[in-house]
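K.L.:
Here is a sequence with its predicted model. Questions after.
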Amino acid sequence: MSLNIGDIAPNFTSKDQDGNALSLSDFSGKKVVLYFYPKDSTPGCTAQACNLRDNYNTLLEQGYIVLGVSTDTEKRHLNFIKKNELPFPLISDTEKEVHDLYDTWQLKKFMGKEYMGTVRTTFIIDEDGKIEDIITKVKTKDHTAQILK
């Protein structure tokens, strides 16, 4: 099941870094940047998170809420947030339920090996819960510019 621009973004409820339940529907009426990334504290994921952090006020001014999603545990997320002073929640999707809804858990190839993993993808969701944009070729160091284009 592949999502397209114009589709209603699937609702989900999962836990954030503090163990609190967080649902996409909590942000109804707001624009949401829902970004899926492979792993906390890796170079690309850190660059992406820090780019969003550094431009967070601009995103807020444009009406966006930022939510990161990976398969890392709540504890890893909390450490990643503290270490990089991230001002937005990270969703722990250890069971890959949210990944499945958004089709971001896929077969990947790296150095000749095949494995299942997170495909770095960002969904821009409008105030009505519709997918406004899907960014699949994420520039980790310049991600905010891609979102605000």
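P.N.:
Right, received. Where do you want to start? Only a predicted model underlies this, so the values are computations on that prediction, with no experimental measurement involved.

K.L.:
any chance you could map the strands in the protein?
P.N.:
Using DSSP state E, the strands of the chain run over 13-16, 21-23, 31-36, 64-70, 90-92, 105-110, 113-118, 121-125, 131-135.

K.L.:
Those strands: which one's closest to Asn79?
P.N.:
For Asn79, the closest of the strands of the chain is strand 90-92, at 10.4 Å, according to Cβ to Cβ. C-beta here means a position set from N, CA and C on the backbone, and glycine is covered the same way.

K.L.:
Tell me who's in contact with Pro10.
P.N.:
Residues in contact with Pro10, defined by Cβ atoms under 8 Å, 6 or more residues apart in numbering, are 3, 24, 101-102.

K.L.:
what's around Pro43, how many residues?
P.N.:
Neighbours of Pro43 under the rule other Cβ atoms under 10 Å: 8.

K.L.:
now Asp18
P.N.:
13.

K.L.:
Hmm, it is touching Glu74, no?
P.N.:
Yes. The criterion here is Cβ atoms under 8 Å, and Asp18 meets it with Glu74 at 7.1 Å.

K.L.:
shared neighbours of these two, which are they?
P.N.:
With Cβ under 8 Å, 6+ apart as the test, Asp18 and Glu74 reach no residue in common.

K.L.:
hang on, isn't Thr58 packed against Leu148?
P.N.:
Yes. Here Thr58 reaches Leu148: they are 7.2 Å apart, a contact under Cβ under 8 Å.

K.L.:
In a markdown table: the strands of the chain, plus mean neighbour count, distance to Ala49 and mean pLDDT.
P.N.:
Below are the strands of the chain laid out as a markdown table (neighbours: other Cβ atoms under 10 Å; distance: least, Cβ to Cβ, whole Å; pLDDT from 0 to 100):
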| stretch | mean neighbour count | distance to Ala49 | mean pLDDT |
| --- | --- | --- | --- |
| strand 13-16 | 17 | 14 | 97 |
| strand 21-23 | 13 | 17 | 97 |
| strand 31-36 | 23 | 9 | 98 |
| strand 64-70 | 23 | 7 | 98 |
| strand 90-92 | 25 | 8 | 98 |
| strand 105-110 | 12 | 20 | 92 |
| strand 113-118 | 12 | 14 | 95 |
| strand 121-125 | 22 | 12 | 98 |
| strand 131-135 | 16 | 15 | 97 |
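
K.L.:
This completes my enquiry, with thanks.
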